[in-house]
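Colleague: 3D, please:
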Amino acid sequence: MSQMEPLPAQPLQPVEFDTTKTFVPIIGAVSFVHLLNDLIQAILPSIYPLLKTNYALSFTQIGLITLAFQMTASLFQPAIGLYTDKHPKPYLLPMGMLFTLVGLVMLAAANSFLWLVIASAVIGLGSSTFHPEASRVARMASGGRFGFAQSFFQVGGNAGSAFGPLLAAAIIIPQGQGAIGWFTLFAILGVTVLFSVSRWVIRSGASLKSGKKHSHFAHLSRNQVIAALSLLALLVFSKYIYMAAFTNYYTFYLMEKFATSVADAQLLLFLFLAAVAVGTFAGGPIGDKVGRKAVIWISILGAAPFTLLFPYCNLFWTAVLSVVIGLVLSSAFSAIVVLAQELVPSKIGMISGVFFGLMFGISGIAAAGLGTIADATSIEHMFDICAFLPLLGIITVLLPGMKRS
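Modeller: I've put the predicted structure just below:
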């Protein structure tokens, strides 16, 4: 009887990829990991009161911690997106979550301001790898429902940002900084799910078919496209400086102005972030039906009356207006990203990286700058200044119209 030869390793077999079919389980998978990723990110601002007390930090130092995270989370995204447009690397998705896992371990063990900054930067590096690739996969699986897919993907992140403060308040605040280690379980789960998503991308060959050009903005010259992208960047600027004020300093605002407890302030931050998640999910599908430009109009400029009224409210109306602002202002980002992708359809990864990177970069710089303003004046005065930012939404009128085939 002859000795049996070992069977060769079986490669992933490609399957027929239908570009008109919406692969909801795949979009759901990257959205779920986006939830895990942003839940982990939300730990940082959620434990700022704890870190401020334990390490005697100033608001400027808190801003610098956020800056370290946001800068690494932003600077690498366009480069990663541009590279993978030309050389698809599906397994970068789980690799990004591995960086996040390492950063979490470092954050749990950090014993000085310097190590807090370094750990935050490593977590940001994980995000810079995850976002452009995950956004690309959501578009691959959209079946042409680009706004729906981008909102579905984005709402996972917003939901994670909303639940992060609650879990931090329940787990980390009572037990201390070392309890951050429990959140490594989320990172391990994320790596597992993304590994399966990467296998789907390889099997379907979707990454090779995702660069198909659309004719919606084919009538625009290169300079007009650049101008439109610059306008979208300004809109992201106005939106995310205001969002940075809420994400990083809303709890301090509530404690300083209304003498709320840390737990109550975290609960009100959760209400705002939950409203952001709902608004984000609504923005994409509405944009698919009525147009991206209309959603951007309503979202950014439409939030201005509420942001201008916000500094003059009592605690009850502060909570109510924060929910309204979160709902209205959050619906713009998915529309902005999809519109930018439609302007440059051959470079989906790069455009996703630029706008997600811009979001993180602006948020980080804003966090540091707003912290400096708060130290020099007060948290309340800082919110007074930020109230005018949504008025920049008026520049939406300059965005080009879509040419429908």
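Colleague: Return the residues in contact with the most centrally placed residue in the chain.
Modeller: For the chain, G157 is the residue whose C-alpha lies nearest the centre (Cα atoms, centre = their mean; 5.8 Å). Contacts of G157 were listed using Cβ atoms under 8 Å, 6 or more residues apart in numbering, and they are 34-35, 37-38. (C-beta placed from N, C-alpha, C; glycine too.)
Colleague: Please apply the same query to A367.
Modeller: Contact analysis of A367 by Cβ under 8 Å, 6+ apart lists 62-63, 66-67, 70, 244, 247-248.
Colleague: let's see it at 6 Å
Modeller: Residues near A367 by Cβ atoms under 6 Å, 6 or more residues apart in numbering: 63, 66, 244, 248.
Colleague: Farthest pair within those residues?
Modeller: G63 and A244 (9.4 Å; Cβ to Cβ).
Colleague: Which helix in this structure has the most residues?
Modeller: Taking DSSP state H as the criterion, the chain has its longest helix at helix 222-258.
Colleague: and it, what does it pack onto?
Modeller: On a contact count with 3 or more Cβ pairs under 6 Å, 6 or more residues apart in numbering; DSSP states H and E, helix 222-258 meets helix 262-290, helix 332-343, helix 348-376, helix 379-386.
Colleague: Check the offset of it from the chain's centre.
Modeller: Mean-position distance between helix 222-258 and its chain equals 12 Å (Cα atoms, centre = their mean, to the nearest Å).
Colleague: do stretch 80-97 as well
Modeller: Distance, stretch centre to chain centre, for stretch 80-97: 17 Å (Cα atoms, centre = their mean).
Colleague: Ok, stretch 71-78 next?
Modeller: Using Cα atoms, centre = their mean, the mean C-alpha position of stretch 71-78 is found 12 Å from that of the whole chain.
Colleague: now do stretch 386-405
Modeller: A distance of 21 Å separates the centroid of the chain from that of stretch 386-405, by Cα atoms, centre = their mean.
Colleague: Give me the distance between the nearest residue to A366 once chain neighbours are set aside and G190.
Modeller: Distances taken as Cβ to Cβ, 6 or more residues apart in numbering put A244 closest to A366, at 3.9 Å, once the chain neighbours are dropped. Applying Cβ to Cβ, to the nearest Å, the value for A244 to G190 is 24 Å.
Colleague: Same question for V137.
Modeller: 14 Å.
Colleague: hang on, the earlier thing: quick one: which of the contacts of G157 has the most company?
Modeller: Counting neighbours by other Cβ atoms under 10 Å, N37 comes out on top of those with 28 neighbours.
Colleague: so which strand or helix has that one?
Modeller: Per DSSP states H and E, N37 falls inside helix 24-41.
Colleague: The next helix or strand after that helix - contacts with which helices or strands?
Modeller: Once the chain leaves helix 24-41, the next helix or strand it forms, by DSSP H and E, is helix 43-46. Applying 3+ Cβ pairs under 6 Å, 6+ apart, we find helix 43-46 packed against helix 146-167.
Colleague: Quick one: mean pLDDT for the helix it packs on?
Modeller: The average pLDDT within helix 146-167 is 82.
Colleague: tell me which residues of the helix or strand just after it are tucked away?
Modeller: Using DSSP H and E, the helix or strand that follows helix 146-167 in sequence is helix 173-175. For helix 173-175, burial by neighbour count (16 or more other Cβ atoms under 10 Å) applies to I173.
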